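Trainee: Fold the stuff below for me.
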Amino acid sequence: MADHRLLVYTHEDCLRHDPGAGHPEHPGRLRAVLEALRSTFPAELDWREAPLATDGALARAHDPAMLARLRAVSPATGHSRIDEDTALSPHSLAAASRAAGAVCAAVDAVLAGPARRAFCAVRPPGHHATRSQAMGFCLYNAIAVGALHALEERHLQRVALLDFDVHHGNGTEDILGADPRVLFASTHQSPLYPGTGLPTDADRERSVHNLTLPPRAGSAAFRAAWEDDILPAAAAFRPQLILVSAGFDGHRLDPLADLALDASDYGWIGERIAELASALGDVPVVAALEGGYSPTALAESSRAFVAALLGRPMSAVTDLQ
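Mentor: Predicted structure coming up:
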């Protein structure tokens, strides 16, 4: 019988990244997730410490010049700014390295078994960081680092990367979109930052599936995009590993977007991903926290998503009213 324990990777360093007073990507986001998971699942999660990513793992996803620039501007005290949205504090690169290291360690663990599912409760998010540029709150692209670790170190031939963050994962597509070993699929609100991810005919030739949703799209449109397009495409790709950019900023309480989802939608997508993995022969699943800027919504949404990966019924998770 398959072991569907859930491994959870995190580290105190991820709470030490400080982009500045008033910034929406604050440590309270991760605290809300950790408190929700620990209180809801006191005996069902296997907590593990996220290691630092190796230089080699980071260099697979990012240009050496970008990595050198980040290290050069990393401050000993105070803050340094990459752009209007993205700042570094003394512990920021360690936090971003732990996030990338978490995904790599989780990939190794679920491929080795017996546990086949993992959730990386980490920050900062990563899916906007391109091969050559940190941006959009993101420093290192943890999910892309993990995908390339699976392909190059673990010699997988097909990895599906599913992104339900409300913003397009432009960095992940930049790094992996042309790699035939990777299916990249994303639903995202449009128009919205970063303004990329509009569907094109070339996408399907590159195993890229970008589906845009209008503001206030709500549950029905979100679920239809996944049920009718992305999940069938992922099944046809027959991945050996499913990676998930788990952004919960489509929630109706999120201050940075307006997709009008609720926690039950994140439970639903967790159930569908778990069903897909089972249908493909118990393919391993690793999800990593991306966006989500209402701590209340983050707590409820991550709790619903994790419950689904654990196989808990949705009735066991109370949504926000």
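
Trainee: where do the helices sit along the chain?
Mentor: 13-16, 27-40, 55-61, 64-73, 92-112, 142-152, 170-176, 201-205, 218-225, 231-237, 263-279, 295-309 (DSSP state H).

Trainee: Just name the most buried of those helices.
Mentor: helix 142-152 (a mean of 28; mean count of other CB atoms under 10 Å). For every residue, glycine as well, the C-beta is placed using N, CA and C.

Trainee: any idea of the angle that one forms with helix 92-112?
Mentor: Put simply, helix 142-152 runs at 40 degrees to helix 92-112, going by axes from the mean of the first three to the mean of the last three CA atoms, to 10 degrees.

Trainee: Show me what helix 142-152 is packed up against.
Mentor: Where contact means 3 or more CB pairs under 8 Å, 6 or more residues apart in numbering; DSSP states H and E, helix 142-152 is packed against helix 55-61, helix 92-112, strand 159-163, helix 170-176, strand 241-246, strand 285-289.

Trainee: From the rest of the structure, what touches the first one?
Mentor: Judged by CB atoms under 8 Å, 6 or more residues apart in numbering, the contacts made with helix 55-61 from elsewhere in the structure are 67, 97, 100-101, 104, 131, 140-141, 144-145, 148-149, 152, 175.

Trainee: Now these in a markdown table, please, with extra columns for pLDDT.
Mentor: Output for those, formatted as a markdown table (pLDDT from 0 to 100):
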| residue | pLDDT |
| --- | --- |
| Leu67 | 98 |
| Ser97 | 98 |
| Ala100 | 99 |
| Gly101 | 98 |
| Cys104 | 99 |
| Arg131 | 98 |
| Tyr140 | 98 |
| Asn141 | 99 |
| Ala144 | 98 |
| Val145 | 99 |
| Leu148 | 98 |
| His149 | 98 |
| Glu152 | 98 |
| Ile175 | 98 |
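
Trainee: can you redo these as CSV with distance to Ala236?
Mentor: Below are those laid out as CSV (distance: CB to CB, whole Å):
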residue, distance to Ala236
Leu67, 36
Ser97, 35
Ala100, 29
Gly101, 32
Cys104, 27
Arg131, 27
Tyr140, 31
Asn141, 26
Ala144, 22
Val145, 26
Leu148, 23
His149, 24
Glu152, 24
Ile175, 23
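
Trainee: Of all pairs in those residues, which one spans the longest distance?
Mentor: Gly101 and Arg131 (18.9 Å; CB to CB).

Trainee: Need the helices and strands packed on helix 142-152 in TSV (columns: distance to His127).
Mentor: What follows is the helices and strands packed on helix 142-152, written out as TSV (distance: least, CB to CB, whole Å):
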stretch	distance to His127
helix 55-61	11
helix 92-112	11
strand 159-163	6
helix 170-176	5
strand 241-246	5
strand 285-289	9
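
Trainee: show me what contacts the residue nearest to Val145 when sequence neighbours are not counted?
Mentor: Closest residue to Val145 apart from its sequence neighbours, by CB to CB, 6 or more residues apart in numbering: Ala100 at 4.2 Å. Ala100 is in contact with Ala53, Ala57, Leu58, Gly126, Tyr140, Asn141, Ala142, Val145, Gly146, counting by CB under 8 Å, 6+ apart.

Trainee: Next, the contact list for the closest residue to Arg81 other than its chain neighbours, please.
Mentor: Counting by CB to CB, 6+ apart, Ala87 is the residue found nearest to Arg81 once chain neighbours are left out, at 4.9 Å. Contact analysis of Ala87 by CB under 8 Å, 6+ apart lists Pro19, Gly20, His23, His79, Ser80, Arg81.

Trainee: Which residues does stretch 108-117 contact?
Mentor: 2-7, 46, 48, 118, 149-150, 154, 156, 241, 274, 277, 282-286, 309-310.

Trainee: Just confirm Ser92 contacts Ser74, I think it does.
Mentor: Yes: shown here, Ser92 and Ser74 form a contact pair, counting by CB atoms under 8 Å, at 6.8 Å.

Trainee: mind putting the helices of the chain in TSV, distance to Phe248 included?
Mentor: What follows is the helices of the chain, written out as TSV (distance: least, CB to CB, whole Å):
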stretch	distance to Phe248
helix 13-16	16
helix 27-40	9
helix 55-61	23
helix 64-73	26
helix 92-112	16
helix 142-152	15
helix 170-176	17
helix 201-205	25
helix 218-225	12
helix 231-237	19
helix 263-279	6
helix 295-309	4
